[in-house]
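Visitor: Build me a model:
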Amino acid sequence: MDKNGRDLDKELEKLLAEGTEGARLREANTFDKLAAPYAAEFVLFGAGNLGRRTLTGLRKVGIEPLAFVDNDTQRWGENCNGVPVLSPREGAKLYGTRAAFVVTIWRGEGTERMAARVSQLRELGCESVVPFLPLYWKLPSSLLPHYTLDLPHNVHSQPDRVRQGFLLMSDEASRREYLAQLRFRILGDFECLPPPVQGDIYFRDDLFNLGKEEILVDCGAFDGDTLSLFFDKTGNSCKSVIAFEPDPANYVKLAERVSRMPPAVRQSIALHQSATGDCNRRVLMDVGFGPASHIGNGNHEVECATLDSMLDDVPVTFIKMDIEGSELAALAGAQQLIRKYSPILAICVYHRQDDLWNIPLLIHRLNPDYSFHLRPHLLEGWDLVCYAIPSNRRF
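Guide: Numbers count the residues shown, from 1 in each chain. All right, here's what the predicted structure looks like:
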């Protein structure tokens, strides 16, 4: 092992050294330390999805924020679920020296980092500015889990699996990304995350080539954006595409996009209004949230099927999954395909805290003939994809 490898191993052990009890103590105390002396009253910076989610969680435990502040001038003077929305300047003037400002901005389409959001409020005179994550650690029953974010002690409860996942990473960039993502999960350090990689998501020219005989399985096809990218990359040439999308509104958009494609392309595509998982059944789903629609709860019932049962005799060459936390179950439901055909896998690993290691570990157990590569495609942990590449498709 070279020096870089030894240094990365040391960094991993340093991250895991705190242990479960140390993490529990930090979870309970970090917000109050950072927010002091104003930990009892809150202003939320960001009245978007995360801000409203935080408001709902606070109200569950009897906490009412003083106000929202938001950079969107269209929101100023409005009420957001009964809470006034102010400009950052006005909010700082009214509450900058009497309340903790909690930054509730974290989104996939974000263009700035958490440090810039914190600096904006501090420059306006706010004395106590805290990212939302320590507050979520303090009030986990009403605020966690949320995508990749969960209590840090959960990471420390499975150190051997964390180490095994790290050892599966096949290149230095992936090992460094793994450690940064692990640090983010344990310490809430937004600034440690590397910038997004250049190039397309899912179809990575730096890792593999697409052929003219690909059989693509698209789980979480949304409105067909991945299909369009795939056909752009292949010059409208492939053997077939099988796409799964359970949300009714998304499925309509998907079908409409496919209907506008050239006839020869349309004929190669099979659409299924279904979720994918580890068994065949009907499941509840939260629908109407665009790419964030997900199964597991909600009031709408949809079909869910295993890929093994749907594609038993199809020699698939590529499986993509972006299915809002159902990736692990869907992989379990595709284990025969993965063992038999060794397709390239492009699997999102940012929806759950432990997907970072559990997804590569499951794939490796099903079929050891894979190399593993992590690539971030958006800022601050969003669109993190694990690419599993069989030996016959590697560069």
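
Visitor: can you pull out the helices in the stretch 251-395 of the chain?
Guide: Assigned by DSSP state H, counting those that start in this stretch, the helices in the stretch 251-395 of the chain fall at 263-266, 307-310, 327-332, 335-341, 355-366.

Visitor: and the ones you listed, which is most packed in?
Guide: A comparison of the helices of the stretch 251-395 of the chain by mean neighbour count, using mean count of other Cβ atoms under 10 Å, puts helix 327-332 on top with a mean of 22. C-betas here are computed from N, CA, C, even on glycine.

Visitor: Which strands or helices does the helix or strand of the chain with the lowest mean pLDDT pack on?
Guide: Lowest on mean pLDDT, DSSP states H and E among the helices and strands of the chain sits strand 294-295, with a mean of 83. Strand 294-295 is packed against strand 281-286, with contacts defined by 3 or more Cβ pairs under 8 Å, 6 or more residues apart in numbering; DSSP states H and E.

Visitor: in the strand it packs on, what's buried?
Guide: Val283, Met285, Asp286 (16 or more other Cβ atoms under 10 Å).

Visitor: In contact with the second one, which residues?
Guide: Contacts of Met285 were listed using Cβ atoms under 8 Å, 6 or more residues apart in numbering, and they are Pro246, Asp247, Ala275, Ser293, His294, Ile295, Gly296, Asn297, Gly298, His300, Glu301, Val302.

Visitor: Can you lay out these as TSV showing neighbour count and distance to Leu139?
Guide: Below are the contacts of Met285 laid out as TSV (neighbours: other Cβ atoms under 10 Å; distance: Cβ to Cβ, whole Å):
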residue	neighbour count	distance to Leu139
Pro246	28	31
Asp247	28	30
Ala275	28	31
Ser293	24	26
His294	20	22
Ile295	24	26
Gly296	14	22
Asn297	9	20
Gly298	16	24
His300	15	29
Glu301	12	32
Val302	20	32
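
Visitor: can you redo those residues as a markdown table with distance to Pro145?
Guide: Below are the contacts of Met285 laid out as a markdown table (distance: Cβ to Cβ, whole Å):
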| residue | distance to Pro145 |
| --- | --- |
| Pro246 | 22 |
| Asp247 | 21 |
| Ala275 | 20 |
| Ser293 | 18 |
| His294 | 13 |
| Ile295 | 16 |
| Gly296 | 12 |
| Asn297 | 13 |
| Gly298 | 17 |
| His300 | 22 |
| Glu301 | 24 |
| Val302 | 22 |
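
Visitor: Closest to Phe190 out of the residues you listed?
Guide: Closest approach to Phe190 among these (Cβ to Cβ): His294, at 23.8 Å.
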